[in-house]
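K.L.:
Quick one: sequence plus predicted model below, questions after.
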Amino acid sequence: MHLDNLKWSRTLASFALTLLILAVAGVHAQTYTDLHDLNPAGGDPANLYATGLIPQGWNGNLYGVSLGGGTSGLGTVYSITLGGTPTVLDSFDRTNGADAYYGLTLGNDGNFYGVTTQGGSSNDGTVFKMTPAGTLTVLYSFTGGADGAGPFAPPVQGTDGNFYGVTTGIIANAQTDPSTFYKITPTGTFKTMHTLTTAQGTQCVHTILGSDGNFYASCNFGGANNNGTLFRISAAGSLTLLHNMTAATDGTLPTWAIQGTDGNFYGAMGQAGPHNAGTIYKLTSTGTYKVLYSPTGGADGGNPLSPTQGPDGNLYGPALAGGNTTACSGGCGVIYKITTAGAYSVLYTFDSTHGANPESMLTLDTDGLLYGNTQAGGAHSDGVFYSFNLGFKPFVTLGITSGKVGTKVGIMGQGFSSSSVVKFGGVPATTITLAGTTYVTATVPAGAIDGYVTVTTGSTTLTSTKTFIVHDSWSSGAAMPTAAENSATGVLAGKIYVVGGYTTAPTADVQIYNPATNTWSTGPSLPTATSAPAAAVVNNVLYVFGGRTGVFTNAVWAYNPTTKTWSGKAAMPTARNGAVAVVEKGIIYVAGGYNGTDFLATVESYNPATNTWKEEAPMLGTKDFPAAGLIGTTIVVADGSNVAGSVTGDTEGYNATTNTWTSLAADSTAREGTCSAVIGTLLYDAGGYINNGGAATAVNESFSLSANKWTSTLAAMPQGVMFPGSAVYNGQLYCFGGEATWLANPVNNVQIYQP
């Protein structure tokens, strides 16, 4: 038997708790509806123990797994309507698996993916796919070897379309048998990505996908105290331990967790804790753990399951025990509400007649209601399927939350028709395919911007719960108060400073853009009007280097946002404009430019801590107004003007440790004065002057250092500009002003690129 050490909740429901529990009457503060009393004798799924999330299918029904029932008594995969009518879709017979826990995952293809803890070719569990109509296919049978054994929770789909999950190991050796982290394709190609050590955790159960593309998982045992762990792991299998549980304070036996809209993770511990009745916790992505609430096992419930976040930002979940002890030994359980700050209240107390001992998380359906099931209670003592109405409005959910223009996006909701209008960030989709009243597919239209997706049918508009990110796309920000070109930029405390530049003459203006509010304000002016300086930020101080004040200057200014003052620093050895400044390990490297006579390959480094300069190895070629950025530990400099009347696409990489430059693949679009910056592992390079004496190019490219390759198929700028200010904020490239035509007046537009 593989399950002995994990059936903690069934055990709690079947014998009297040793805790002192107060008898209280049920509290019905919200609208609870017992939709269906499960009756295995009548063909219903049986034993809905630890069933986890119940995903909504494209057809509007909910889907789940059961431990009992079916033709072999080994469990089922079932669907249930929102009105409460269940249908067994398939039965487990050990060849296709046995003992399915913790629900299913809805794939982007509309099929469901799940696991069984036993069964399959080696009786060590399976990964299976189930179509909405009920066709079950075993994708993989675990062997109990290097691949692991006994998975309890279904794998989750990653950003690459593959599924990722963890195994518990052979449960007979639960605290010592290694767990694994695995990848499986939708067609069944399996690969073990990481085998956990005891220090990293054993008997791992749950996996979720974080907004950062990594996976977050939990283990019941192992770690520093053998009380379990919480960890982050990449798709490639690189594991970072986030927290070691301590039973007395943190709780043990983690149930599923969710990522809240604030980016933090919220979950529950099923046992231990200060009152020996579990805990509800918050975990940051960097590993800061905080217990938000410790149930007592009394009227406030006990042994909680992890919460679901409502549209109001609060968290809602069931607790297995506590509450009504008159109808149930140890209590029938409760439904709780908790804020992200930890304010806790009981919304409903189960009474056995209408269900008892809930063992699945709540599912928020697109109709605005929460749905769940219990393991016991009801007319047949086999649990109930229920809804809980908190007054939330209907909404839509997205099959994927990011993609390029032309991507097809599945949208689930309610009341769709052939007249439904879908908009991405307010831009209407022109290609829409209706697949019933609860599912529609829409193609991301040209011009779409990041934002919520809405579906309007008649007078009703439903809005998505998450924003949709339109990759490889351009949008616009509020226009600059003063049009400028050749400005320096820097990001301080979430605001972009656009410093100096050229209007009709060099300017000392400091214009401050707030991306969060799309608004502008004015900062203290530069001490000297300067055009085409370089800039960089170190330790929240903005440094501005050189430029042209009427003459070429080597002045260095530093802006402190706390005191809102500028101060002079040690002068740069070489006076110049059109240089670039890149930070590597706290040192600012200023490269290239023009001194009024020569185009420069000069490189000088500035140490803000000592206010000193040092001459470094020059670039392999001269570059005025090049593109530049730091990829990993390599400073990449590309393009620029190399001699009078000529531009180059030459690209070079600088290693600060060895003080050496290396030639890299050239940009096929030779130019200078681009909007450029590094985002992630790519240097983005948009617009610029191509030495034609006319309009700026709108070409947008990226350079990969690892591949040593330029990609030129990116979305072009809406308006080609040369010599704009460039900045990166929140993973987007901002291009401020510039000029659209050679020697023309500057423009004041703000163009924003989402890679």
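P.N.:
Yep, it's here. Not measured: the values here are computed from a predicted model.
K.L.:
Which residue lies nearest the spatial centre of the protein?
P.N.:
Closest to where the C-alpha atoms of the chain average out (C-alpha atoms, centre = their mean) is residue 211, at 0.9 Å.
K.L.:
looking at it, that residue is touching residue 262, isn't it?
P.N.:
No. With contacts counted by C-beta atoms under 8 Å, residue 211 stays clear of residue 262, the gap being 10.7 Å. The way it works is simple: take the backbone N, C-alpha and C, and place the C-beta from them, glycine included.
K.L.:
Now do the same contact list for residue 306.
P.N.:
Listed by C-beta atoms under 8 Å, 6 or more residues apart in numbering, the contact set of residue 306 reads 255-258, 266-268, 280, 317, 361.
K.L.:
ditto for residue 194
P.N.:
180-181, 233, 237-239.
K.L.:
PyMOL command for the buried members of those?
P.N.:
Restricted to buried positions by 16 or more other C-beta atoms under 10 Å, the PyMOL selection for those reads:
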select buried, resi 180+181+233+237+239
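K.L.:
any idea which of the contacts of residue 194 is closest to residue 753?
P.N.:
residue 238 (28.9 Å; C-beta to C-beta).
K.L.:
Buried ones in stretch 458-476, by neighbour count?
P.N.:
Quick answer for stretch 458-476 (16+ other C-beta under 10 Å): 462-465, 468-470, 472-475.
K.L.:
Apologies, that question was intended for stretch 368-386.
P.N.:
368-378, 382-386.
K.L.:
Can you give me the end-to-end span of that stretch?
P.N.:
14 Å (C-alpha to C-alpha, to the nearest Å).
K.L.:
and what of stretch 403-412?
P.N.:
17 Å.
K.L.:
and that stretch, average pLDDT?
P.N.:
Mean per-residue pLDDT for stretch 403-412: 95.
K.L.:
What are the buried residues along that stretch?
P.N.:
For stretch 403-412, by 16+ other C-beta under 10 Å, it's 403, 405, 407, 409-412.
K.L.:
Need the residues that contact it.
P.N.:
Contacts of stretch 403-412 (C-beta under 8 Å, 6+ apart): 56, 58, 60, 108, 110, 366, 396-400, 422, 438-448, 453, 455, 464, 468-473, 715.
K.L.:
Narrow the residues you listed to those in strands?
P.N.:
If you go by DSSP state E, those have 397-398, 422, 439-443, 453, 455, 464, 468-471, 473 in strands.
K.L.:
Which pair of these spans the longest distance?
P.N.:
Farthest apart among the ones in strands among the contacts of stretch 403-412 - using C-beta to C-beta - are 439 and 473, which lie 25.1 Å from each other.
K.L.:
shouldn't residue 176 be in contact with residue 196?
P.N.:
No. The criterion here is C-beta under 8 Å, and residue 176 misses it with residue 196 at 11.6 Å.
K.L.:
Among the two, which residue is more densely surrounded?
P.N.:
residue 196 (26 against 12; other C-beta atoms under 10 Å).
K.L.:
Which residues are in contact with the more buried one?
P.N.:
Applying C-beta under 8 Å, 6+ apart, the residues contacting residue 196 are 178-181, 202, 204, 219, 222, 239.
K.L.:
how about a cut-off of 6 Å?
P.N.:
Applying C-beta atoms under 6 Å, 6 or more residues apart in numbering, we find residue 196 in contact with 178-179.
K.L.:
any idea how far residue 445 is from it?
P.N.:
45 Å (C-beta to C-beta, to the nearest Å).
K.L.:
likewise residue 228?
P.N.:
47 Å.
K.L.:
Kindly report the same for residue 403.
P.N.:
12 Å.
K.L.:
can you check residue 109 too?
P.N.:
23 Å.
K.L.:
quick one, which of the two is more surrounded?
P.N.:
The neighbour comparison of residue 109 against residue 445 (other C-beta under 10 Å) goes to residue 445, with 18 against 15.
K.L.:
what residues go with each domain of this protein?
P.N.:
397-470, 473-754 (automatic domain parsing).
K.L.:
Tell me which of those sits most buried.
P.N.:
Mean neighbour count (mean count of other C-beta atoms under 10 Å) peaks for domain 473-754 among the domains of the chain, with a mean of 20.
K.L.:
Read off the pLDDT value for residue 297.
P.N.:
97.
K.L.:
let me fix that: residue 121
P.N.:
96.
K.L.:
how many neighbours does it have?
P.N.:
For residue 121, using other C-beta under 10 Å, the count is 12.
K.L.:
With adjacent residues omitted, what lies nearest to it?
P.N.:
Sequence neighbours aside, residue 141 is the residue nearest to residue 121 in space, at 4.1 Å (criterion: C-beta to C-beta, 6 or more residues apart in numbering).
K.L.:
tell me the contacts of that neighbour?
P.N.:
With C-beta under 6 Å, 6+ apart, residue 141 has these contacts: 120-122, 126.
K.L.:
same thing with residue 69?
P.N.:
Per C-beta under 6 Å, 6+ apart, neighbours of residue 69: 40, 45-46, 76.
K.L.:
Just name the lowest-scoring one in those residues, pLDDT-wise.
P.N.:
Of all the contacts of residue 69, residue 46 carries the smallest pLDDT score, 87.
K.L.:
give me the beta-bridge partners of that one?
P.N.:
Under the criterion DSSP bridges, residue 46 forms beta bridges with residue 68.
K.L.:
so what's it up against?
P.N.:
Residues in contact with residue 46 (C-beta under 6 Å, 6+ apart) are 40, 66, 68-69.
K.L.:
make it 7 Å
P.N.:
40, 66, 68-69, 382 (C-beta atoms under 7 Å, 6 or more residues apart in numbering).
K.L.:
again, but for residue 633
P.N.:
Neighbouring residues of residue 633 by C-beta under 7 Å, 6+ apart: residue 584.
K.L.:
Poorly predicted segments of the protein, please.
P.N.:
Applying pLDDT under 70 to the chain flags residues 1-29, 52-53, 170-175.
K.L.:
Show me the helices in it, by range?
P.N.:
In the chain, the helices defined using DSSP state H lie at 8-14, 247-250.
K.L.:
coming back round to it: wait, doesn't the residue nearest to the centre of the chain sit right on residue 259?
P.N.:
Yes. Taking contacts as C-beta atoms under 7 Å, residue 211 lies within contact range of residue 259: 6.2 Å.
K.L.:
picking that back up, which of the buried residues of stretch 403-412 fall within strands?
P.N.:
403, 409-412.
K.L.:
Turn those into TSV, columns for distance to residue 483.
P.N.:
Shown next, in TSV, are those (distance: C-beta to C-beta, whole Å):
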residue	distance to residue 483
403	34
409	37
410	43
411	40
412	45
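K.L.:
Tell me the one among the residues you listed nearest to residue 638.
P.N.:
When these are ranked by distance to residue 638 (C-beta to C-beta), residue 403 comes first, at 28.4 Å.
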